[in-house]
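Asker: Pasting the sequence and the predicted coordinates here, then a few questions.
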Amino acid sequence: MSTSSPTLQKAALEFKSTSLTVPVLLLASNDELHIEQQLQEKIAQAPEFFRHSPLLIDLQKLNSQGLDIDLQALVKRVRDLAFMPIGIRGGNEKQNHAALEMNLPVHSMHGSNTPMTNKPAAKTLAVPEAEATKQPEQTLENKLITQPVRSGQRVYAKGDLIVTATVSAGAEIMAEGNIHVYGSLRGRALAGVLGDINSRIFCSDLQAELISIAGIYQLSDDLSPETAHKPVQISLDNQTLIIKDI
Amino acid sequence: MARIIVVTSGKGGVGKTTTSAAIAMGLAKRGHKTAVIDFDVGLRNLDLIMGCERRVVYDLVNVINNEATLNQALIRDKRCDQLYILPASQTRDKDALTTEGVGKILEELAKEFKYIVCDSPAGIERGATLAMYFADDAFVVTNPEVSSVRDSDRMLGILSSKSRRAERGEDPIKEYLLLSRYSPDRVKLGEMLSVDDVQEILSLHLLGVIPESKSVLNASNSGTPVILDEQSDAGQAYQDIVARYLGEDKPHRFIEEEKKGLFSKLLGRK
């Protein structure tokens, strides 16, 4: 019986996920002759590189221009040029269907499996997304407060927090980054709440009930009278809060 | 367009009802049709201060529950025909108030009245938040002592975040500071916060300082808004406040200690 066979005791296979770099053919025209001609020119530059190369066909740009293409004919042409198409992406319903009929997988544009149906929007989404995600994240998450933060109010910023007014006693301001207060700071100020030990608190008039950086805190009782009512910056050095005049 | 004014403070006993009665009377005396509403359901006081407690038939909660019409519940002041009072219910509690009900009443009043003064109860619970929810202007009444100042600060935070104007993203409620029960000689002795101390904490536009005065208690007990006592300093202070609110430029008074003349010094009179 096979159950006792030692080969089956061990797992014969395993599924893993991997990502690999594959050339993508971005089509901007549906003129097949044109495409073939330009492909041949490319191949002529590096014949060995392209021979039997896997190829992903990207139809998004084409569809965003409202151009259609005979997918079956296109696949035949690239195969004739020794490419090995491994699927399409950015196709419309009809194209996705045609690809599946040719046993070609339909890939999603950006990890999500929903095929892009809204073409014009997809175009703007597609290109900037990868590079754009990082930059705005850092600038947009900063918060600027121009009104006084009143007793009982809480303000949280995912980046830096800048308050150009007073922070009243009983108010609580928190930031994952630095805190700047260009008024009297009478409430609680907590910088680097997610543990950023390099974050700092800057204020033009220190009267805080509590100051904290990355969880290390001091109460107003512990603050030395020399720094009270003064413009200071507060940083963290070796688990100790350092308050310095500015 | 009617202006809805809320008189609020957070802390109790600072003079909200006295102020509501005084400024409502002041506005009405200047010819503006004014309604004053008591939001302190369960602890009705405004009718006493206004001296109309024996004429209360229907109240705010009756109107909200459609048990009476607004015109049935409004009491016309006997001293000034431009002033109407909408009393609170003494037998119910604040849960009887609903946002829709209050909104409907204010909308209806706004058609007829120029100013609607809402006398807020103390605290930051339902009655107080509903009194300020629809407001255009807020008179924050504060006593010159730390707990009152902090409670006012808290109230200002609520005004800027939980009002209808804030929820709709409209211009924020205009906030004014009224410093009541102020006594310059006690400030001088360091027993009381000064105007500057309070201003530093609250950073608000100061509409006026109302001096600590015996006339306020007398006026309350007799059911006459103190603003009608034109001889008293508190009455004059409220008249100034109404004038400043209406855009007149009046210098602030009652902040400095009164200089006693030789005569009154000799007689020990104040």
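Answerer: That came through, no problem.
Asker: Any stretches of the chain with poor pLDDT?
Answerer: Using chain A. Along chain A, segments meeting pLDDT under 70 span A:1-9, A:110-140.
Asker: wrong chain, I was asking about chain B
Answerer: B:259-270.
Asker: Okay, the residue of it found nearest chain A and B:A166: tell me how far apart.
Answerer: With Cβ to the nearest Cβ as the measure, B:G157 is the residue of chain B nearest to chain A, at 3.0 Å. C-beta here means a position set from N, CA and C on the backbone, and glycine is covered the same way. Separation of B:G157 from B:A166 (Cβ to Cβ, to the nearest Å): 11 Å.
Asker: Of these two, which one has the most company?
Answerer: When B:G157 and B:A166 are compared for neighbours, B:G157 comes out ahead with 23 against 16, by other Cβ atoms under 10 Å in any protein chain shown.
Asker: what packs against the top helix by length along chain B?
Answerer: Of all the segments assigned as helix in chain B under DSSP state H, the longest by residue count is helix B:146-162. In terms of contacts (3 or more Cβ pairs under 8 Å, 6 or more residues apart in numbering or on different chains; DSSP states H and E), helix B:146-162 is packed against helix B:126-133, strand B:137-142, strand B:174-182, helix B:195-202.
Asker: hmm, try it at 10 Å
Answerer: Helix B:146-162 sits against strand B:3-8, helix B:126-133, strand B:137-142, helix B:164-168, strand B:174-182, helix B:195-202, with contacts defined as 3 or more Cβ pairs under 10 Å, 6 or more residues apart in numbering or on different chains; DSSP states H and E.
Asker: Between strand B:3-8 and the fifth one, find me the angle.
Answerer: When you say that, I think you mean strand B:174-182. Put simply, strand B:174-182 runs at 40 degrees to strand B:3-8, going by axes from the mean of the first three to the mean of the last three Cα atoms, to 10 degrees.
Asker: How about the residue of chain A found nearest chain B: what's its closest non-neighbour residue?
Answerer: With Cβ to the nearest Cβ, the shortest gap between chain A and chain B falls at A:R150, namely 3.0 Å. Nearest residue to A:R150, sequence neighbours excluded (Cβ to Cβ, 6 or more residues apart in numbering or on different chains): B:G157, at 3.0 Å.
Asker: Surely the one you found is in contact with A:V167?
Answerer: No. At 11.2 Å, B:G157 does not count as touching A:V167 under the criterion of Cβ atoms under 10 Å.
Asker: Now list whatever residues contact both of these two.
Answerer: Jointly contacting B:G157 and A:V167 under the rule Cβ atoms under 10 Å, 6 or more residues apart in numbering or on different chains are A:P148, A:V149, A:R150, A:S151, A:Q153.
Asker: Next, the distance between the ends of stretch A:60-78.
Answerer: This stretch, stretch A:60-78, spans 18 Å end to end (Cα to Cα, to the nearest Å).
Asker: Could you tell me how far it lies from the centre of the chain?
Answerer: Put simply, stretch A:60-78 sits 30 Å off its chain's centre (Cα atoms, centre = their mean, to the nearest Å).
Asker: Give me the buried stretch members for it, please.
Answerer: Buried residues in stretch A:60-78, counting neighbours by 16 or more other Cβ atoms under 10 Å in any protein chain shown, are found at A:Q60, A:K61, A:L62, A:N63, A:S64, A:I69, A:L71, A:L74, A:V75, A:R77, A:V78.
Asker: same check, this time on stretch A:213-220
Answerer: Across stretch A:213-220, burial judged by 16+ other Cβ under 10 Å covers A:I213, A:A214, A:Q218.
Asker: Put together a markdown table for these, with secondary structure and distance to chain B on each row.
Answerer: Output for those, formatted as a markdown table (DSSP: H, G, I helix; E, B strand; the rest coil; distance: Cβ to the nearest Cβ, whole Å):
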| residue | secondary structure | distance to chain B |
| --- | --- | --- |
| A:I213 | strand | 25 |
| A:A214 | coil | 27 |
| A:Q218 | strand | 22 |
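Asker: coming back round to it: wait, what's in contact with the residue nearest to A:R150?
Answerer: By Cβ under 10 Å, 6+ apart, the neighbours of B:G157 are A:147-154, A:168, A:170-171, B:10, B:124.
Asker: Run through the bridge partners of A:H107.
Answerer: Taking DSSP bridges as the rule, A:H107 bridges to A:R89.
Asker: Around residue 148, how many other residues sit close by?
Answerer: No chain was given, so I picked chain A. 24.
Asker: could you do chain B instead?
Answerer: 23.
Asker: B:R92 should be in a helix, yeah?
Answerer: No. The assignment for B:R92, made by DSSP: H, G, I helix; E, B strand; the rest coil, is coil rather than a helix.
Asker: for the chain, what spans make up the helices?
Answerer: Using chain A. Secondary structure of chain A by DSSP H: the helices cover A:6-9, A:32-45, A:47-50, A:60-64, A:71-80, A:93-101, A:119-132, A:134-140.
Asker: please go with chain B instead
Answerer: For chain B, applying DSSP H gives helices covering B:16-29, B:46-50, B:60-64, B:70-73, B:99-112, B:126-133, B:146-162, B:164-168, B:184-188, B:195-202, B:214-222, B:233-245, B:262-267.
Asker: And the fourth one, what's buried?
Answerer: Of the residues in helix B:70-73, B:L70, B:A73 count as buried by neighbour count, 16+ other Cβ under 10 Å.
Asker: One more: the first one?
Answerer: For helix B:16-29, burial by neighbour count (16+ other Cβ under 10 Å) applies to B:16-29.
Asker: Also stretch B:207-223?
Answerer: Neighbour-count burial for stretch B:207-223 [16+ other Cβ under 10 Å]: B:L207, B:G208, B:V209, B:I210, B:P211, B:E212, B:S213, B:S215, B:V216, B:A219, B:S220.
Asker: Same question for stretch A:45-58.
Answerer: A:F50, A:S53, A:L55, A:L56, A:I57, A:D58.
Asker: need those in TSV with distance to B:A243, can you?
Answerer: Output for these, formatted as TSV (distance: Cβ to Cβ, whole Å):
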residue	distance to B:A243
A:F50	88
A:S53	86
A:L55	83
A:L56	78
A:I57	79
A:D58	73
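Asker: And the residues you listed, which two are furthest apart?
Answerer: Maximum pairwise distance in the buried residues of stretch A:45-58, criterion Cβ to Cβ, is 16.6 Å, between A:F50 and A:D58.
Asker: near chain B, which residues of chain A show up?
Answerer: A:147-154, A:165-166, A:168-171, A:183-184, A:186-187 (Cβ under 10 Å from any Cβ of the partner chain).
Asker: Can you report how many residues lie near the closest residue to B:E125 other than its chain neighbours?
Answerer: Counting by Cβ to Cβ, 6+ apart, B:E125 lies nearest to B:K94, which is 6.5 Å off, once chain neighbours are set aside. Per other Cβ under 10 Å, the neighbour tally for B:K94 reads 21.
Asker: For B:K94, list the residues it contacts.
Answerer: So B:K94 contacts B:39-43, B:61, B:88, B:121, B:123, B:125-130 (Cβ under 10 Å, 6+ apart).
Asker: Now flag whichever of these is closest to A:L33.
Answerer: Looking across these and measuring by Cβ to Cβ, the closest to A:L33 is B:T129, at 72.9 Å.
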